[in-house]
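**Student:** Generate a structure from the sequence data that follows.
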Amino acid sequence: MPSRKAAPQIPDSSATECGGETFCCQDSRIGEFAIFGTFTLLCDDIPCPYRCSMQTMKEAVEERKPPKAVPTVSAALKDGSILEMLYDRDARQTRFALWRDGAWTIVEDHAANPMERLVPFSPANTLIRNEIVLLPGAPEEYGTEDQLLADIQRFIHRYVDVSPLYEEIASYYVLFSWVYDGFNELPYLRVRGDYGTGKTRFLLTVGSLCYKPIFASGASTVSPIFRLLETFQGTLVIDECDFRFSDEKAELVKILNNGNVRGFPVLRSDVNTKGEFNPNAYHVFGPKIVATRGDFEDRALESRFLSEDMGSARLRDDIPINLPSGYKAEALILRNKLLLFRFRNLNRRLPLPSLVDKSLEPRLNQIFVPLLSIIDDSNAQDRLRDAARQCQRELVSERGQSTEAQVLEVIQELLALSDTRLSVKEITDRFTDLHSEEYKHTITAKWIGYVVRKRLHLKTSKSHGSYIIQDSERSKLDILFARYGLADAPEAEGTAESSAA
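**Tutor:** So this is what the prediction gives:
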């Protein structure tokens, strides 16, 4: 006869004896298996759900696969903890810094759940080893945020020659990059100028301080950038002029157009091992620092940048021509301090609606409010607001030189002479009188009608054989007059116009 053991008494149980060795799941010998939920009933006539077979449970545990190792760079965990990968270049080692309950510890890996174990990327990874992606070494105390900001600004000032305002903007942008994932919109930084004006130095200096910078300058193709952004979700640092072909620039424009607002991934078709094309969504949202020789043709894309023109003045005498040997160590110390800043401030710095300036266009508010939201210094906020208003003036001035502005100027003039409904023919005749010599093609009512309907988005209707601008469009005209610098901006302009362009 097989040996038997009486089962422990469980309330409301009608358990009976049966063949084989049985135990309750509360037995100390099998408690270690309880978390896996592998219990099975020994036989149908034992209704207690806690009655288990030791042999059955042992077999189940032996068959259970170990947790899957998931290579991870960063993770914001459900319990509020934050996990960030570290890289020790001297020791050739990657680990994690785990932030939990207001303190950080160094861990080799982290059990996310019974099925997955988060592990850092290998230190042999070429992207990490060759410093294509820069990581902190370990969190370091930074004192107050004002002290941290001053350290960042001194570092930038030591190696880069830009205007004082842009130096301050770049310093705040570095701070912003470490908490950007708490925002839904963000601006880009851009330096513009010919070769030899310091653009690359700016990219290296400011980029080396940003959150998980991805240096794509000099890349022969743009395709890997999609995977880098998806994997590391850091700050893209890129020299647009290094892309040699028009299709590569078009791909870059996709990244820049979709990357400043959360929730707009780029869809691409990738080839699998069977030669099949499968669509994949790549998330490209995140901070970006770009250097270009000129402007982008897409005006909507241009409006996403906080820009500085390089080479307009003689280089400061104290700027080193070559970066010193201690440059990388200085940048690493600042990244370490910025990591602790991230731990303490992620999801605490949020966009503040009170910072919206109604006198600015929606797009400008969209790119300036996130940056203003991390600034505590009211004087610094005022300087950044002044920069936003200067951007507004430049946009209005540039629009004022366009065909759309010329058509609006004619409409404004005709409305001042007579408050009657305007026809496209009247606008065409007056436009021809004023601007016929500026255009090589013939000015026709059909072309003016296209400008009115498709570029200015004014509705027209046919009346007595002529197309007229509908009376309902008068309020829209007031906004357009202000947008193109032909009148003062209405106070509520910021809410009347869509920010999507």
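
**Student:** To which secondary structure element is residue 481 assigned?
**Tutor:** Element membership for residue 481, per DSSP states H and E: helix 474-483.

**Student:** Domains in the protein, by residue range?
**Tutor:** 1-64, 68-129, 145-395, 400-496 (automatic domain parsing).

**Student:** which one of those domains lies closest to residue 136?
**Tutor:** domain 145-395 (4.3 Å; CB to CB). Every C-beta, even on glycine, is put in place using the N, C-alpha and C of the backbone.

**Student:** Counting neighbours, what do you get for residue 369?
**Tutor:** 22 (other CB atoms under 10 Å).

**Student:** which ones are touching residue 442?
**Tutor:** By CB atoms under 8 Å, 6 or more residues apart in numbering, no residues touch residue 442.

**Student:** if I look at it, how far off is residue 436?
**Tutor:** 9 Å (CB to CB, to the nearest Å).

**Student:** cool, and residue 125?
**Tutor:** 63 Å.

**Student:** residues touching residue 105, list them.
**Tutor:** 97-98.

**Student:** pretty sure it is in a strand, no?
**Tutor:** Yes. Using DSSP: H, G, I helix; E, B strand; the rest coil, the assignment for residue 105 is a strand.

**Student:** can you give me the helices in the stretch 301-450 of the chain?
**Tutor:** 327-345, 362-372, 378-399, 403-417, 424-435, 445-450 (DSSP state H, counting those that start in this stretch).

**Student:** pLDDT below threshold where in the stretch 251-400 of the chain?
**Tutor:** 271-276 (pLDDT under 70).

**Student:** contacting residues for residue 455?
**Tutor:** 403-404.

**Student:** Go again with 6 Å.
**Tutor:** residue 404 (CB atoms under 6 Å, 6 or more residues apart in numbering).

**Student:** Model confidence score at it, please.
**Tutor:** If you check residue 455, the pLDDT there is 88.

**Student:** how far away is it from residue 169?
**Tutor:** According to CB to CB, residue 455 and residue 169 sit 32 Å apart.

**Student:** same thing with residue 309?
**Tutor:** Per CB to CB, residue 309 is found 14 Å from residue 169.

**Student:** and the two? which has more neighbours close in?
**Tutor:** Neighbour count, other CB under 10 Å: between residue 309 and residue 169, residue 169 has more, with 22 against 14.

**Student:** which of residue 125 and residue 436 has more neighbours?
**Tutor:** More neighbours surround residue 125 than the other of residue 125 and residue 436, with 15 against 10 (other CB under 10 Å).

**Student:** Specify the beta-bridge partners of residue 105.
**Tutor:** residue 98 (DSSP bridges).

**Student:** Can we start the residue count at 4 from this point?
**Tutor:** I'll keep to 4 as the first residue from here, and by that count the last item is residue 108.

**Student:** Could you report the separation of it from residue 351?
**Tutor:** Residue 108 sits 21 Å away from residue 351, taking CB to CB as the criterion.

**Student:** Tell me which of the domains of the chain is the most buried.
**Tutor:** domain 148-398 (a mean of 17; mean count of other CB atoms under 10 Å).

**Student:** where in the stretch 54-203 of the chain is pLDDT low?
**Tutor:** 54-68.

**Student:** in it, which spans are helices?
**Tutor:** Secondary structure of the stretch 54-203 of the chain (DSSP H, counting those that start in this stretch): helices located at 57-66, 129-132, 148-162, 167-180, 202-210.

**Student:** which secondary structure elements does the fourth one contact?
**Tutor:** Contacts defined by 3 or more CB pairs under 6 Å, 6 or more residues apart in numbering; DSSP states H and E place helix 167-180 against helix 148-162.

**Student:** just the CA coordinates of the helix it packs on, formatted as CSV?
**Tutor:** Output of helix 148-162 as CSV, limited to C-alpha atoms (Å, rounded to 0.1, in the frame of the first residue of the first chain):
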residue,chain,number,x,y,z
GLU,A,148,18.5,72.8,-10.5
ASP,A,149,19.9,76.3,-10.9
GLN,A,150,23.4,74.8,-10.3
LEU,A,151,22.8,72.1,-12.8
LEU,A,152,21.6,74.6,-15.4
ALA,A,153,24.6,76.8,-14.8
ASP,A,154,26.9,73.7,-15.3
ILE,A,155,25.2,72.9,-18.6
GLN,A,156,25.5,76.5,-19.8
ARG,A,157,29.1,76.8,-18.8
PHE,A,158,29.9,73.6,-20.8
ILE,A,159,28.1,74.8,-23.9
HIS,A,160,29.7,78.3,-23.6
ARG,A,161,33.2,76.7,-23.3
TYR,A,162,33.0,74.9,-26.6
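
**Student:** elements contacting it?
**Tutor:** Against helix 148-162 (3+ CB pairs under 6 Å, 6+ apart) you get helix 167-180.

**Student:** got the angle between the helix it packs on and helix 381-402?
**Tutor:** Inter-element angle recorded for helix 167-180 and helix 381-402: 110 degrees (by axes from the mean of the first three to the mean of the last three CA atoms, to 10 degrees).

**Student:** any residues touching helix 167-180, and which ones?
**Tutor:** Residues contacting helix 167-180 (CB under 6 Å, 6+ apart): 152, 155-156, 159-160, 192, 209, 212-214, 238, 290, 309, 311, 374, 377-378.
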